[in-house]
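**Q** Fold the following for me, if possible:
(chains A and B)
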Amino acid sequence: MSPAFERIQQRPRSFLSAVLAFAWLEYRALRHYPANLVLSVIQGLVKTGSWFFIARFISGAADRYVTQSGGNYVSFVITGVVFYEAGAAALNSPLSAISTAFWEKRLEGYHLTPRGIWAYILGRFLWQWGYATALQATVLVLIASLGGLGLAFHVQPGMALLAYLLFVAAVFGIGLMGSSLFFLLEVKQGREPVSWLVDYAVRITSGVYIPVAALPAWLRGLGAILPHTYGLHALRGALFPGGAAPGPDLAILAAFACATLAGGVVSVQAAIRRAERQGGVGVVV
Amino acid sequence: MLIDVKGLRKAYGAKTVLDGIDLQVTEGEMLGLLGPNGAGKTTLIKVLCGLLVPDAGGGTVLGYDLVQRPSEVRSRVSLVAPTADVGTDNNLTVRQNLDFWAVVYGLRGRQRTARVDAVLELVDLRDAQDAWPMHISAGMRQRLAIARGLLAENKLLFLDEPTIKLDVEGARRIRQFVRDVNQCSGVTILLTTHLMFEAEELCRRILVLDRGRIVAAGTPAELKQMVGREGRIEAVVEGLDPDRLRAAGYDCDEGGTVRVTTRAIDAETTRLLDRVAELGGRIRSLHTQEVTLEDVFFHLTGRGLEA
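**A** Residues are numbered from 1 along each chain as shown, chains lettered A, B, ... in the order given. Take a look at the predicted model:
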């Protein structure tokens, strides 16, 4: 039997298995505490449900700003909240992975396995994003099937899926860059500044709750540098009748995904290398 | 040579933790790193594992450059950390924990099952394979941690204080197990400890580390010789006139207490017992005091190991 590193190098599928094993570890934790599952479903429903009622309350005045996205203001807000939440899981997952393993003193152990930290970050992302997607999809289907959106969907499945995957990849890349600050800036507690800033900027400028057309020009400029803006626009275009064609947004999203993922990988590698020069990936310096 | 490093230095801020460490370890060896808390043992192990980049110096571990290719080193060594709970997931049973790590190490299908079975057998945890880690003893959790380190079949195993926090029996089993792994599986082991008897019992060669420097290296016997003094035998003899004992060449007081200083405690004790019996006396009490590694450490540093 060959040693571990040769096995991983010889069979890329082994790396994928390691990623899935880390995702399975997260699933086991949830299965061990099923009350957490029930609570998170309720929290998801309450959060999106409350935005549903707020959107209905102001929908008349706001409908004129959402014509470019197709649908109405209620559908605009519900899809905004649902995809924002799914994106937030991708944005926050890398830092939460590194931080959790660091404080539970597991990160060094993972670092000692072939590509261990990457398998761990990806596995945890896969679980958290997959879980958030399933949860938000359930909420969306539930509200839509009860007629809460007040319109019929006109879904372009391929476009919607592509837009969603590119959007998540771009956001995950930003999350990776932010997570590198755990070691680069020694942000050991609370949120790191990159995802924190992006999170707040997105809520205001990317068309989560407020249509981009209703924003002043300088805020639209800020939204233009965030992948969320293009992701939400493309997704709505691929879901609702009358929405803009998602093609141009997809191209921009692809560019964002390439840039942020590359930046994320480089910055996490730099962060790990810095930690190795200081006290190691498992020690507070 | 599995480990060949020279001039390793590492500092945390202004504090120098490793100060010019030279070290060579050959295949199959069990080497002990002995030193008090804060001597730099864990830092040295982390550097040798590729988890820490040294500030100066370098060398190779398993043939890979420690500074240029630390990831190659990391992937080919196993480290068991001081606390058994590190890396053990409490939401998984003993077997599931090993299954999980086996997948991470790239084992699949029947190969994985066979390896997990073999390791469970080796660490004597087969009966506890379906137990939750929180429900087994600290010694069993430590064996689980070592089992995890053995899954990958790496040639080099680092054990950082493997018996710390264990009771006497748990520690004894771990020592036995470590010896078996080294002797039967041929795994090269580098073990840190601040327990002299543990280093002496397990290791053929010991490095004494103090304040980031190797202050002595050698076999336990060689280290003891460095102290430059001898062990002592003290026996209270009955039924014999002290003069007869003195005539036989022993230092004996009027109360019949014989005192011998020697470098060969065992041989000299046997000789004394035989001689007293020949002369028709008998030993009422016998006390021997050997030179210990604690004495060695005190001799070298002027401080005790627990300091």
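**Q** Sketch out the low-pLDDT regions of the chain for me.
**A** Going with chain A. A:1-11, A:151-152, A:284-285 (pLDDT under 70).
**Q** Chain B, not that one
**A** Scanning chain B for pLDDT under 70 picks out the ranges B:83-85, B:228-229, B:304-307.
**Q** Show me where it has its strands.
**A** All strands of chain B, identified by DSSP state E, fall at B:3-12, B:15-25, B:30-34, B:56-61, B:64-65, B:77-80, B:156-160, B:188-193, B:205-210, B:213-218, B:231-238, B:251-252, B:257-262, B:282-289.
**Q** Need these in JSON lines (columns: mean neighbour count and distance to residue B:295).
**A** Any C-beta I mention is one placed from the backbone N, CA and C, and that applies to glycine too. Formatted as JSON lines, the strands of chain B follow (neighbours: other Cβ atoms under 10 Å in any protein chain shown; distance: least, Cβ to Cβ, whole Å):
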{"stretch": "strand B:3-12", "mean neighbour count": "18", "distance to residue B:295": "28"}
{"stretch": "strand B:15-25", "mean neighbour count": "18", "distance to residue B:295": "24"}
{"stretch": "strand B:30-34", "mean neighbour count": "26", "distance to residue B:295": "13"}
{"stretch": "strand B:56-61", "mean neighbour count": "19", "distance to residue B:295": "31"}
{"stretch": "strand B:64-65", "mean neighbour count": "16", "distance to residue B:295": "39"}
{"stretch": "strand B:77-80", "mean neighbour count": "26", "distance to residue B:295": "29"}
{"stretch": "strand B:156-160", "mean neighbour count": "24", "distance to residue B:295": "25"}
{"stretch": "strand B:188-193", "mean neighbour count": "25", "distance to residue B:295": "17"}
{"stretch": "strand B:205-210", "mean neighbour count": "23", "distance to residue B:295": "12"}
{"stretch": "strand B:213-218", "mean neighbour count": "17", "distance to residue B:295": "12"}
{"stretch": "strand B:231-238", "mean neighbour count": "18", "distance to residue B:295": "10"}
{"stretch": "strand B:251-252", "mean neighbour count": "16", "distance to residue B:295": "22"}
{"stretch": "strand B:257-262", "mean neighbour count": "17", "distance to residue B:295": "14"}
{"stretch": "strand B:282-289", "mean neighbour count": "13", "distance to residue B:295": "10"}
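**Q** Give me every residue in chain B lying close to chain A.
**A** B:12, B:46, B:49, B:51-53, B:70, B:72, B:74-79, B:81, B:83, B:86-87, B:89, B:91-92, B:96, B:100-101, B:103-108, B:111, B:115, B:152-155 (Cβ under 8 Å from any Cβ of the partner chain).
**Q** Mark which of these are buried, thanks.
**A** The neighbour count (16 or more other Cβ atoms under 10 Å in any protein chain shown) marks B:46, B:49, B:51-53, B:70, B:72, B:74-79, B:81, B:83, B:86-87, B:89, B:91-92, B:96, B:100-101, B:103-107, B:115, B:152-155 as buried among these.
**Q** buried ones in the helix or strand containing residue A:55?
**A** Taking DSSP states H and E as the definition, residue A:55 sits inside helix A:34-62. Neighbour counts over helix A:34-62 (16+ other Cβ under 10 Å) mark A:44, A:45, A:48, A:49, A:51, A:52, A:55, A:59, A:62 as buried.
**Q** And the fifth one, how far from chain B?
**A** Yep, that's residue A:51 we're talking about. According to Cβ to the nearest Cβ, to the nearest Å, residue A:51 stands 33 Å off from chain B.
**Q** so what's that residue closest to, chain neighbours aside?
**A** Spatial nearest neighbour of residue A:51, chain neighbours left out: residue A:81 (4.9 Å); criterion: Cβ to Cβ, 6 or more residues apart in numbering or on different chains.
**Q** Now do the SS call for that neighbour.
**A** helix (DSSP: H, G, I helix; E, B strand; the rest coil).
**Q** pretty sure it is touching residue A:203, no?
**A** No. Applying Cβ atoms under 8 Å, one finds residue A:81 not in contact with residue A:203, separated by 9.9 Å.
**Q** Closest one to chain B out of the buried residues of helix A:34-62, please.
**A** residue A:44 (22.8 Å; Cβ to the nearest Cβ).
**Q** tell me which element the nearest residue to that closest one once chain neighbours are set aside falls in.
**A** Spatial nearest neighbour of residue A:44, excluding adjacent residues (Cβ to Cβ, 6+ apart): residue A:135 at 4.8 Å. When elements are assigned from DSSP H and E, residue A:135 belongs to helix A:116-145.
**Q** hang on, the earlier thing: I figured the residue nearest to residue A:44 was touching residue A:42, is that so?
**A** No. Here residue A:135 does not reach residue A:42: they are 10.5 Å apart, not a contact under Cβ under 8 Å.
**Q** Residue A:26: what's its closest spatial neighbour, skipping adjacent residues?
**A** Per Cβ to Cβ, 6+ apart, closest to residue A:26 is residue A:127, 3.8 Å.
**Q** just to revisit the earlier point, could you tell me the angle between the helix holding residue A:55 and helix A:116-145?
**A** 50 degrees (axes from the mean of the first three to the mean of the last three Cα atoms, to 10 degrees).
**Q** Please measure how far the first residue of stretch B:87-98 sits from its last one.
**A** In stretch B:87-98, first residue to last residue: 10 Å (Cα to Cα, to the nearest Å).
**Q** who touches it?
**A** A:25, A:28-29, A:31-32, A:106, A:109, B:81, B:99-101, B:116, B:119-120, B:125, B:128-134, B:136, B:141, B:144-145, B:147-148, B:151 (Cβ atoms under 8 Å, 6 or more residues apart in numbering or on different chains).
**Q** Near chain B, which residues of the stretch 101-250 of chain A? Just list them.
**A** A:105, A:106, A:108, A:109, A:110, A:111, A:112, A:113, A:114, A:116, A:119.
**Q** ok so, going back, name the residue in residue A:81 and residue A:203 with the higher neighbour count.
**A** residue A:81 (24 against 17; other Cβ atoms under 10 Å in any protein chain shown).
**Q** That one and residue A:50, how far apart?
**A** Look at residue A:81 and residue A:50: by Cβ to Cβ, to the nearest Å, they are 9 Å apart.
**Q** do the same with residue A:20
**A** Distance from residue A:20 to residue A:50, by Cβ to Cβ: 35 Å.
**Q** now do residue A:172
**A** 27 Å.
**Q** re the thing from before, pull up the overlap in contacts between residue A:81 and residue A:203.
**A** residue A:209.
**Q** before we move on, back to that, what's the helix holding residue A:135 packed up against?
**A** helix A:12-32, helix A:34-62, helix A:73-103, helix A:107-111, helix A:157-179 (3 or more Cβ pairs under 8 Å, 6 or more residues apart in numbering or on different chains; DSSP states H and E).
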